[in-house]
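Chemist: Pasting the sequence and the predicted coordinates here, then a few questions.
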Amino acid sequence: MSTLKINNLSKTYPNGVKALDNVSLELENGMFGLLGPNGAGKSSLMRTLSTLQDADSGTATLDDIDILNDPAELRKVLGYLPQEFGVYPRITAEQLLTHLAILKGITNSKERKELVNYLLDKVNLYEKRNKSIKGFSGGMKQRVGIAQALIGNPKLIIVDEPTAGLDPGERNRFYNLLADVGKEVIVILSTHIVEDVRELCTKMAIMNLGEIVYHGSPQSAIEDLNGKVFQKIVSREQLQNYANDYKVISNKMVGGQPLIHVFSEEHPQNGFEQVAPDLEDVFFSRINTSNVLV
Amino acid sequence: MFKTFFLSELKYTLKQPMVYIFIFILALMEFFATVSDNVQVGGAIGNVYRNSPYTITIHITIFCVFSLLMAVAFFNNAALRDHNNEFNEILFTTPLSKPGYFFGRFFGALLVSTLPLLGVFIGMLLGTYMNSIFGWMDTSRFGDFYLETFINNYVLFILPNMFLAGSVIFAMANKWKSTVISFVGGLVIIVAYIVSGSLMSDVDNETIAGLSDIFGINTYAIETKYFTPAEKNTISPGFSGILFWNRLIWTGIGILILMLSYFNFSFKKKNKKVKKEKVKITNTDTVFKLPKLNPTYNTSTTWIQFKSFFYTNFLSITKSVTFKILFLFCVIILVADLSGGFEYFGLQSYPLTYKLIDSIKGSTNIFTIIILIFFSGELIWRDRDSKINEVVDATAHTSFVSMAAKALSLICITTILNLFFILIGIIYQLLNGFTRIELDVYLLDLFYSNLALYIVFAGIMIMIQVLSSNKYIGYFISILVLLVWEIVLSILDVSTNMLNIGGGGSVFYSDMNGFGSGLKSTLWFNLYWMLISVLSLLIAGALWNRGSNSSLWSRFKTANKEVPKSYRGFIALTFVVWLGVAGFVYYNTQVLNPYRSSDTTEQLMVDFEKKYKKYEDAVHPKVTDAKYFIDIFPNKRDIHVKADIELTNESNQAIDSLHFFNGEGWDTTLNIPNAKPVYKDTTYLYTIYKLTPPLQPGEKLILKLENKYITKGFENGGGSTMIVKNGTFINNGDILPTMGYNESYEISDQNTRKKYGLEPKKRTPELTSELSELHNRNYINNGQSDFINVETVISTIKEQTAIAPGSLIKKWEENGRDYYHYKTDTPSLNFYSFMSADYEVKKRKWNDVDIEVYYDEKHPENVDMMLDAVERSLVYYTENFGPYFHKQCRIIEFPRYASFAQAFPGTMPYSEAIGFIINLEDETGNNVVDAVIAHEMAHQWWAHQVIGANMQGGTMMSESFSEYASLMTLKGITENPMKMREFLKYNHDRYLRGRSGEREKELPLYKVENQGYIHYGKGSVILYALQDYIGEDKVNLAMKNFLEEYRYKKPPYPTSLDFLRHLEPQVPDSLNYVITDWFKEITLYDNRLKEANYKVLDNGKYEVTLEIESSKIKSDSLGNETQTSINDWIDVGFFMDDAEEQLYSQKRMKFNKEKSTIIMQLDSLPAKAAIDPRHILIDRVYKDNIKGISLEE
């Protein structure tokens, strides 16, 4: 059982943007979902945990490895899939994975060969192992990225928006794969797709503007909202009035008309009907009204 | 529509900074080329104005090549901009006119691409103007401004060149829509250019070379090769001759390409060919299971990681298109270069390994450097460009391992390339039937020079890329460091190789002496630079931008925090080792073997002149006898000399002080009886001794000299080539100090003298007929001595033979060394050499004379022919000029550090580069190897028996006479007189080219001021013509009479006037004019055969009518020419064949008007007619002297 402890991590970019604002988290084995809108600081946090970026202050440790001061040690137990995963042109999937396996300390060539074949098979690319990756589709490339993140015996796997560009079938395959390994190691999965987290993660955090606005299990977050979310189909012209009068968590189009969800301790009447909250409501309520709720 | 696109193209490009940057760069380069001697474009300028039409044109033509790359950018952009911006689908669906779009874009780009070259005009005008204000350079070096030059250059060079290049690039861009391929188009043009250039090296192919040159650079060079300075200063390139035709042809080809491309061009997108993917059904039932993994991180992991990094980097280079293009390009250039062979005056030299090494370096080094620069950037930025950097960076490897692997893959790629070139070289050798392939020399040379260079550059450029914030800044800095740094150093006058990246003593392989004296220096400097390379890599490893982009400063902080102790220790250790090596190199190159930069040397020469010129007229005794005791230590490269020099006061006044100017680098001790040193200048090595009592006229004294040259450590450069392991070649002038002020140390360049405020210096004292003090000095010894006896005891190691002038009296062994005792058989000039090497000797006896060739065991091929040549010379010269007074003729091979042959009394050192390695297997008649031997043999009479006074015309009696004598020996064995024309062509060319590059002034032959093109080139042509006109025996008689009057005589020495005095009686009155025209003035002929027609007569004979124009041109010393009336005898003749080998019915006729018609009856019908068919007169354009004969209509 490994433990990742993050204490008061802060980072401000030279242009003044606060990417991480006093972030503290403690994680154990299992899938951990990191939710947040674009620009919330998810990637900054993950890069920092992947030793690719400095923090201004704070600490981060994985068991007894001090991530910020001893990055070399952490790299030995890290699997990382960045948000943007590219590949070398003119190199085959097998060559790339072999190269990365070597970099991850798989020095026994027999082991390496078996491992690469295993992973290629897992991501359904075995047949194409001798093809130049340059000709791969976006999804295929992403699968190579996933395969490489699993190389070695990582204790910490960080995947940044891994399912972008995957079709539903591929996405399922990937989650199965993650779930397989996720039992024994810490997997941090960053995404802005709420669905993913609900399906996969036992623990989660929501980030906004560099801060952790929620940390807990998806289920308890939903339970917190039980009986407090109401919906109504409104006309476009009235939308602004509702926004002034209610705490609107979200609005989306249904059949060409806005369907709004509002948060309220009591039933707001006025044509609203109560709905069972889902994680999306949690997400939107946290990032829109965090100042009130936390 | 055309207008719209034309203007929009202009507007678009003119808004981009690129065109202005290019203009600025070219203007800047031209500005410096105009106002500074340190920056040269296309060679030195000399006597020609710095802003002359010729200079501008040469600069423009050269910059045209540079700007080709700029043209690629403009034309490629014009063709592909819409495509690259993916705007094409929008644009091409609008109702556009195709010609408007196509030509509008093209001509817009054409106009823009000519703009950068206007920078050359700007730079030149600005330079001229600024110089007139600031006076950096003497304003007399600038001439008038000709608007015509600019306009003609634009129309003749800039516009057509850009048009042609543009049409090719535009066509390629439209066809393939790939920037890389467009750049290939640019490269193809350059290749074609280089091939045309190599054709030009053979004089015969001039018209072809001139027409085939796509840029017209060679064409212009051919058109102006015989231009005099005056012509270069005034004549702009014009619309005539081959240049005009060349421009017409290539513009036509450009139009053709453009039209083809136009008809091929379509707005529709071509359907891309889709490669059908092979559907392979594989039923693999393999079950994959996750193996049990043991990730380990230890030293062996690091090693495996290194290998993997290396492999992926290496692969990415070899698979890249750019690499393939550059590789192919190198091979093409190398093969093109080799296909010309190794020409030497119409002969081929054997394809020796070192020749191939030189070829390989010459044609490919620049490209391997480009590969290094380009791929250092590619490799460093590859991860980031492919967006895989975060994955790789997050794995557990040390950055240094990755850096080192990148460096190694760069080094391996370039090395493998080099090995491939070596393979090409070997194949070339084998194809030529040459089997002495020295694989070790190939590989060692690679190891010593190029490999070291690759290692150094790879490390440094990787560091530059790592420290740069993007790839292009990295490239910019790399180029700056590699190219500009050298220029900066030369401007700052810093010449230490410790600052010149990758610099050091160079290796220069010689068959005799191997890699030579520079090897030690090279190895140490290599180590020094390689350590810098390692340090650079270590620093790059520490400051590698791992993870997200961060500034250099923050990377520095991170490194400070994260770099482990062991790594720091390693950096420190490397640094300490480097410091040690640097110290050692510094000690050797600066302390043990100090050297001077060129500016310091110049200043020193100036000071020397200012300080000691006052002693110029000090009377000193003459050397009248010399005895040497010389010990040569080839392996240590030391020489110990003891000498007893007899000095005699041959003046008519008492001498009370002796002035000596010692040789630099020598440890000299002088022991003079009754003398005390009263003045010693250790900077200039100038010492003055006081003699008490003074040396009275006629009195002698013995100067005991001890002189040692000790080689210490190694030098900044290649080191001295005087005393080497095998092939020591040292002159007595190197050993003996000069007596008195030595004028030859003065700066001779007039412009430099002016810069330092020195009086203009006469190149040579003026020719005078009344005797003066000057007649007492010959031009070799300059009054230090006359004809003397020399005796030498010389020793060397057992493996070698030591040679000194004269007969070998005794040879013995002592202390494991061989001693030789030589003595001259007749008083000789005090001008000889001492040599030692491992020689084979081949001897032959001719009458009482021993003919000997001392040669390296690797070069036996031509030795017999050399003996023949010596013998032939002895026969002709003794018969025609007089006896030979030495008892031996020795030809002695020396290493190729210089490529000349030289005549000393009875001995003739001959460079391995010129005689011994020329392939003479198929040569039957005369050849240049024979000619050189005959020339040096002739010097045994002309220089060593009689030598001119040190004044104008002096070298005519040695160099011109020897060249003439050499031609005569060749003529003796030549059956077909036309073969001599082929031989003389080089002399004609040498003269006409030489006068075109004259830096001061051309003089008539009898006043030649030691100018090679006059005393060799013109002198031989004139004397050859003279013997043809008045008879060989008459010329020889005049020479013999002259020789007999002065042979081995004490001063006064003869002048050219004395020879003319002997010549005049031999010249019939009808030909008296040739003495004036050929010897005393500068005369050129302009003969042309305008028409040559024949008709068949009733008697079966042929009547040929020739329309001939002939005129005579007199030139002044600057090349200003005036036409004078002709009244001369000139040959008219015919050739039976087109190859002009069978001369037929030649007649000498008098021409006294500009246009003549000649009618002759001939028995047979010749193919061609000619005026001056054997080309014995000097004619700038000889081609128009010959014409095919056609039937009269």
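Modeler: Noted; the coordinates are in hand. Residues are numbered from 1 along each chain as shown, chains lettered A, B, ... in the order given.
Chemist: wait, what's in contact with A:K252?
Modeler: Residues near A:K252 by C-beta atoms under 8 Å, 6 or more residues apart in numbering or on different chains: A:258-259. No exception for glycine: its C-beta is placed from N, CA and C like everyone else's.
Chemist: Assumed it was part of a helix.
Modeler: No - counting by DSSP: H, G, I helix; E, B strand; the rest coil, A:K252 is located in no helix; its state is strand.
Chemist: which stretches of the stretch 801-950 of chain B form helices?
Modeler: Along the stretch 801-950 of chain B, the segments classed as helices by DSSP state H, counting those that start in this stretch run B:863-880, B:928-939.
Chemist: Let me have the ones you listed in TSV, extended by distance to A:M140 and mean neighbour count.
Modeler: As requested, the helices of the stretch 801-950 of chain B are arranged in TSV below (distance: least, C-beta to C-beta, whole Å; neighbours: other C-beta atoms under 10 Å in any protein chain shown):
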stretch	distance to A:M140	mean neighbour count
helix B:863-880	73	19
helix B:928-939	69	25
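Chemist: Nearest to B:W553, out of those helices?
Modeler: With C-beta to C-beta, the closest approach to B:W553 among the helices of the stretch 801-950 of chain B belongs to helix B:928-939: 65.5 Å.
Chemist: how about that closest one as CSV, C-alpha atoms only?
Modeler: The C-alpha atoms that make up helix B:928-939 are tabulated as CSV, following Å, rounded to 0.1, in the frame of the first residue of the first chain:
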residue,chain,number,x,y,z
VAL,B,928,55.9,18.7,-67.7
VAL,B,929,58.0,16.4,-65.5
ASP,B,930,60.8,16.4,-68.1
ALA,B,931,60.3,20.1,-68.6
VAL,B,932,60.8,20.9,-64.9
ILE,B,933,64.0,18.8,-64.9
ALA,B,934,65.2,20.5,-68.0
HIS,B,935,64.4,23.9,-66.5
GLU,B,936,66.3,23.1,-63.3
MET,B,937,69.2,21.6,-65.3
ALA,B,938,69.4,24.8,-67.4
HIS,B,939,69.8,26.8,-64.2
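Chemist: tell me the mean pLDDT over it?
Modeler: The average pLDDT within helix B:928-939 is 91.
Chemist: any idea how the chain splits into domains?
Modeler: Because you didn't say which chain, this covers chain A. A:3-222, A:223-293 (automatic domain parsing).
Chemist: wrong chain, I was asking about chain B
Modeler: With automatic domain parsing as the reference, chain B has domains B:2-264, B:304-592, B:617-740+B:781-942, B:1082-1193.
Chemist: mind checking which of those domains is nearest chain A?
Modeler: Proximity to chain A, assessed across the domains of chain B by C-beta to the nearest C-beta, is greatest for domain B:304-592 (2.8 Å).
Chemist: The closest residue in space to B:A404 that isn't next to it in sequence: neighbour count?
Modeler: Leaving out its chain neighbours, the residue that sits closest to B:A404 by C-beta to C-beta, 6 or more residues apart in numbering or on different chains is B:L537, at 5.8 Å. Using other C-beta atoms under 10 Å in any protein chain shown, B:L537 is surrounded by 23 other residues.
Chemist: Also the one 3 residues further on?
Modeler: For B:A540, the number of neighbouring residues by other C-beta under 10 Å comes to 26.
Chemist: likewise B:D358?
Modeler: Neighbour count for B:D358, taken as other C-beta under 10 Å: 15.
Chemist: mind listing what it touches?
Modeler: No contacts exist for B:D358 under C-beta under 8 Å, 6+ apart.
Chemist: Tell me which helix or strand it sits in.
Modeler: Secondary structure assignment for B:D358, by DSSP states H and E: helix B:353-385.
Chemist: Would you tell me which one of the domains of chain A is buried the most?
Modeler: domain A:3-222 (a mean of 20; mean count of other C-beta atoms under 10 Å in any protein chain shown).
Chemist: so which strand or helix has B:F314?
Modeler: helix B:299-318.
Chemist: For that helix, buried residues please.
Modeler: Across helix B:299-318, burial judged by 16 or more other C-beta atoms under 10 Å in any protein chain shown covers B:301, B:304-306, B:308-317.
Chemist: okay if I get these as TSV plus distance to chain A?
Modeler: Shown next, in TSV, are those (distance: C-beta to the nearest C-beta, whole Å):
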residue	distance to chain A
B:T301	5
B:I304	5
B:Q305	6
B:F306	10
B:S308	4
B:F309	8
B:F310	11
B:Y311	8
B:T312	5
B:N313	10
B:F314	12
B:L315	7
B:S316	6
B:I317	10
